[in-house]
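J.: Quick check, what structure comes out for this input:
(one chain, ligands or ions: 1)
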Amino acid sequence: MNAASPTAMKTVAIIQARMGSSRLPGKVLETIAGKPMLQWVIERTQAARKVDQVVLATTIETSDDKVAAFAASLGIGVVRGSVDDVLDRYYQSAKRFAPDLIVRITADCPMIDPQIIDRAIARFQEGGYDYVSTADPVPTFPDGLDVSVTSMAILERVWKEAALKSEREHVFPYVYKNPDKFRLGTVIHDIDLSAMRWTVDEAVDLEFVRTVYAELGARIFVMGDVLDLLRRKPELADVNSGIIRNEGYLKSLTQDREAAMSKGKGQELYKKAKELIPGGTQLLSKRPEMFLPDQWPSYYSKAKGCEVWDLDGVKYTDMSYSAIGACVLGYADPDVDAAVIQAVNNGNVSTLNCPEEVELAETLLVAHPWAQKVRYARTGGEAMTVAVRIGRAHSGKDKVAFCGYHGWHDWYLAANLAQDDKLDGHLIPGLEPKGVPRGLLGTALPFSYNKIAELEKIVADHGKEIGVIVMEPIRNFRPADGFLEKVREIATRIGAVLIFDEVTTGWRMTDGGAHLLLGVNPDIAVFGKAISNGYPMAAVIGVGRVMQSVQSTFISSTYWTDRIGPTATLATIKKIAGHKVMARLAVLGEKVQQGWAAIAAKNALKVEIGGMPQISHFSFLYDNGQAMKTLFVKLMLEKGYLATTAYYAMYAHSDDAIAKYLEASDDAFRKIAMAQREGTVEKLIDGPVAHSGFRRLT
Ligand SMILES: Cc1ncc(COP(=O)(O)O)c(C=O)c1O
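T.: Got it, this is the predicted structure:
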């Protein structure tokens, strides 16, 4: 404690104490390591270097005579006041000692940490705040280390303005519930320890605190000492774990969290992968850096329904990309898997072909009456390349006008050969087209979704050479009135083959391509991802006379003949129809979009929500939005979620899973909002910011 200098600001800590307690009457005078609890609180507060004076505020009730007498016997000032109007009692106490700064401590915190008291005071003294707390509005320190700091002027204002009973039964709710009226500061611990309970409300809490003192000695130890002790002897916390928020704390601090975060086997393996596999993974969207660099679990050992287990056996609920859109039913769907296992048992390949590819062709064509022929591939980008080849073969013209993302192949990446900066807005930013023949320069010409004038311009400049127009019929936005019809009309007019890329949209919005909902038919539609619920499969369907062009070019591959692909697709399509999966996905997506909007408003965070409900996404509208996203991923990971700023609906997501996810997201948003106010977003990530994802045209 400071020897107060006459010029310095006077900082008075006021300890609130009462004998009354519904669960543990007289607790403040219970003995811990040979001293009454109140004495520990007083001595610990006196040990704070920035506190000039410690005083006690109690009530005028006779039951509190003992508390008052005890405090007086220790030589500290005592003020007694109203029983119910705690705010008044507090204000009157403060007035008596004429402080500049007031530090509020409660007497049921016998492990209050003088260093944390000093941190809170220091934060207040830095300026810019009316109120600084370790716990309001969101705590990150263990329950029982709570400190609040304000000025006498603010306390007086609160005392005058707070009118509701609920605002006077405690000292500061009027402040932290009115962030528009007061500048609030929060001291944050970089690991959320708020689930730990070191306060004393119940007999078992007292037992816990006594045990800690017995272990660490009758002295003023600090938070770090207690954390070290609990790491060594986690069982000590069991005593009050039954009634407390710290259920799971030790689990999360010492086991799951460490495993899930940087020390996990997944990160170790990923380090090795980066040495052996250029780029680390096979798909950009599955790179750990796209989520939480250095901390993402990276690999899975098992996946079932909407749950995923990492290499350390830690289980997560996956509310993110659902295998980058590959699963609409859920992981390891029992019906699809049963069909696949049967296919495996009967031989996945032979010199003869599997009959399922013919059955699937019929199924696809029944769903799309405008089409008459089908070919297969096994991935989306590959199938798109097949489609573009067919389109060029049919039209006899090389140039492709396109919009959106369609894979990694030469026909598409050729767009980045052009010396046009604008392309970055159309493709994955920064995509290098090295290795794509320069001879393809000028063959892939991008236009923006819903901007028909851009396509018209391409047609005006290159009309006779445009053989193919490629786009997703819908993605982030609904088509503007007449947009798709106009594209269709242009394609027909210039003799270009119109290809709808339904790799992501197919069997996700309706039973078939999304274009069925939009009333415009292409010449070719391409499916992948969702149609086979996680097994490699892609299909190219089209108008008979266009598809016949396959005969005049060579398109052929060994593994396009395997049995698992068509078998999984038939089983998936059947299940989707039988369980009305499409309607359910829309409901789930809408719930999530509405939930995001609600929690963003509640926590005063500016976010933009977009995408069709089944493939929803949001972004934080701040300069450091990418850092905020990274912190969201981290906070959600700590809560047991694979989550990012996107949600791809799966039938396996129950209403309960959605509700719990939104609850967890709400808490994460609250912490992010607080960190944003404090300027600590980057610090809390405790690692690099996520790489930004690829952008799509539509
Ligand atoms: C619209 C669209 N087309 C093509 C692709 C490429 O599919 P794949 O990754 O299976 O090659 C994707 C993948 O995200 C896509 O979203």
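J.: Run through the residues of this protein sitting next to the ligand.
T.: Counting by CB under 6 Å from any ligand atom, the chain comes close to the ligand at 379-381, 384, 404-407, 472, 501, 503-504, 528. To be clear about C-beta, it is placed using only N, CA and C from the backbone, and glycine gets the same treatment.
J.: In strands, which of these appear?
T.: Mapping the residues of the chain next to the ligand onto strands (DSSP state E) picks out residue 501.
J.: Checking residue 635 next. Helix, strand or coil?
T.: helix (DSSP: H, G, I helix; E, B strand; the rest coil).
J.: Number of residues surrounding it?
T.: Per other CB atoms under 10 Å, the neighbour tally for residue 635 reads 23.
J.: Now tell me which helix or strand of the protein has the poorest mean pLDDT.
T.: Within the chain, no helix or strand scores below helix 249-250, which has a mean of 37 by mean pLDDT, DSSP states H and E.
J.: shaky segments in the stretch 251-400 of the chain?
T.: Applying pLDDT under 70 to the stretch 251-400 of the chain flags residues 251-263.
J.: before we move on, back to that, output the residues of the chain next to the ligand as CSV; include the columns distance to residue 395.
T.: Shown next, in CSV, are those (distance: CB to CB, whole Å):
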residue, distance to residue 395
379, 24
380, 22
381, 21
384, 16
404, 20
405, 23
406, 18
407, 20
472, 20
501, 17
503, 22
504, 25
528, 23
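J.: thought residue 632 was touching residue 666?
T.: No - under the criterion of CB atoms under 8 Å, residue 632 makes no contact with residue 666, lying 11.6 Å away.
J.: With neighbour numbers in mind, choose between those two.
T.: Neighbour tally, residue 632 and residue 666, criterion other CB under 10 Å: the higher count belongs to residue 632, 25 against 17.
J.: list the contacts for that one?
T.: By CB atoms under 8 Å, 6 or more residues apart in numbering, the residues touching residue 632 are 620, 643-645, 665, 668-669, 672.
J.: And this protein, what are its domain boundaries?
T.: 11-200, 277-320+581-685, 334-577 (automatic domain parsing).
J.: What ranges does the stretch 501-650 of the chain have for its helices?
T.: In the stretch 501-650 of the chain, the segments counted as helices under DSSP state H, counting those that start in this stretch are 515-518, 544-547, 564-578, 581-602, 625-638.
J.: which helices and strands sit right next to the host helix or strand of residue 358?
T.: Following DSSP states H and E, one finds residue 358 within helix 356-367. When contacts are defined as 3 or more CB pairs under 8 Å, 6 or more residues apart in numbering; DSSP states H and E, helix 356-367 sits against strand 373-377, strand 538-542, helix 564-578.
J.: What lies in contact with it?
T.: The contact list for helix 356-367 (CB under 8 Å, 6+ apart) reads 343, 371-372, 374, 376, 511-512, 516, 527, 539, 541, 561, 563, 566-567, 569-570, 573.
J.: Of those, select the buried ones using a PyMOL command.
T.: Of the contacts of helix 356-367, the buried ones go into a single PyMOL selection, burial set by 16 or more other CB atoms under 10 Å:
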select buried, resi 343+371+372+374+376+512+516+527+539+541+561+563+566+567+569+570+573
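J.: Let me know the secondary structure of residue 18.
T.: coil.
J.: That one and residue 79, how far apart?
T.: Plainly put, residue 18 is 13 Å away from residue 79 if you go by CB to CB, to the nearest Å.
J.: if we can go back for a sec, residue 169 is nearest to which of the helices and strands packed on helix 356-367?
T.: Among those, the nearest to residue 169 by CB to CB is helix 564-578 (55.3 Å).
J.: what about the closest one, distance to the chain center?
T.: On the basis of CA atoms, centre = their mean, to the nearest Å, helix 564-578 sits 31 Å off its chain's mean C-alpha point.
J.: That helix versus strand 538-542: what angle between them?
T.: Orientation of helix 564-578 against strand 538-542 (axes from the mean of the first three to the mean of the last three CA atoms, to 10 degrees) gives an angle of 70 degrees.
J.: helices or strands up against helix 564-578?
T.: helix 334-345, helix 356-367.
J.: deepest of those, which one?
T.: Highest mean neighbour count among the helices and strands packed on helix 564-578 (mean count of other CB atoms under 10 Å): helix 356-367, with a mean of 17.
J.: Send over that one as PDB, restricted to the C-alpha atoms.
T.: This file holds the C-alpha atoms of helix 356-367, laid out as PDB (Å, rounded to 0.1, in the frame of the first residue of the first chain):
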ATOM      1  CA  GLU A 356     -25.200 -48.200 -61.000                       C
ATOM      2  CA  GLU A 357     -23.900 -45.600 -63.500                       C
ATOM      3  CA  VAL A 358     -26.800 -46.200 -65.800                       C
ATOM      4  CA  GLU A 359     -29.300 -46.200 -63.000                       C
ATOM      5  CA  LEU A 360     -27.900 -42.900 -61.800                       C
ATOM      6  CA  ALA A 361     -28.100 -41.400 -65.300                       C
ATOM      7  CA  GLU A 362     -31.800 -42.200 -65.400                       C
ATOM      8  CA  THR A 363     -32.300 -40.700 -61.900                       C
ATOM      9  CA  LEU A 364     -30.500 -37.500 -62.900                       C
ATOM     10  CA  LEU A 365     -32.400 -37.100 -66.100                       C
ATOM     11  CA  VAL A 366     -35.800 -37.700 -64.400                       C
ATOM     12  CA  ALA A 367     -34.900 -34.800 -62.000                       C
END
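J.: and the closest residue to residue 569 other than its chain neighbours, what is it in contact with?
T.: Closest residue to residue 569 apart from its sequence neighbours, by CB to CB, 6 or more residues apart in numbering: residue 532 at 4.4 Å. Contacts for residue 532 (CB under 8 Å, 6+ apart) come out as 336, 565, 568-569, 572.
J.: any chance of the domains of the chain in TSV, with distance to residue 238 too?
T.: Shown next, in TSV, are the domains of the chain (distance: least, CB to CB, whole Å):
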stretch	distance to residue 238
domain 11-200	12
domain 277-320+581-685	21
domain 334-577	38
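J.: need the least confident one among these, by mean pLDDT.
T.: Mean pLDDT is lowest for domain 11-200 out of the domains of the chain, coming in at a mean of 90.
J.: Now do the end-to-end distance for that one.
T.: Length of domain 11-200, first residue to last, CA to CA, to the nearest Å: 26 Å.
J.: That domain: how far from the chain's middle?
T.: Mean-position distance between domain 11-200 and its chain equals 35 Å (CA atoms, centre = their mean).
J.: Only the buried residues of stretch 129-140, if you could.
T.: Of the residues in stretch 129-140, 129-136, 138-140 count as buried by neighbour count, 16+ other CB under 10 Å.
J.: Which single one of the residues you listed is nearest to the ligand?
T.: Closest approach to the ligand among the buried residues of stretch 129-140 (CB to the nearest ligand atom): residue 138, at 36.5 Å.
J.: which element is that closest one on?
T.: Assigned by DSSP H and E, residue 138 belongs to neither a helix nor a strand.
J.: Now residue 301: phi and psi?
T.: For residue 301, the backbone dihedrals (degrees, to the nearest 10) come out as phi -100, psi -30.
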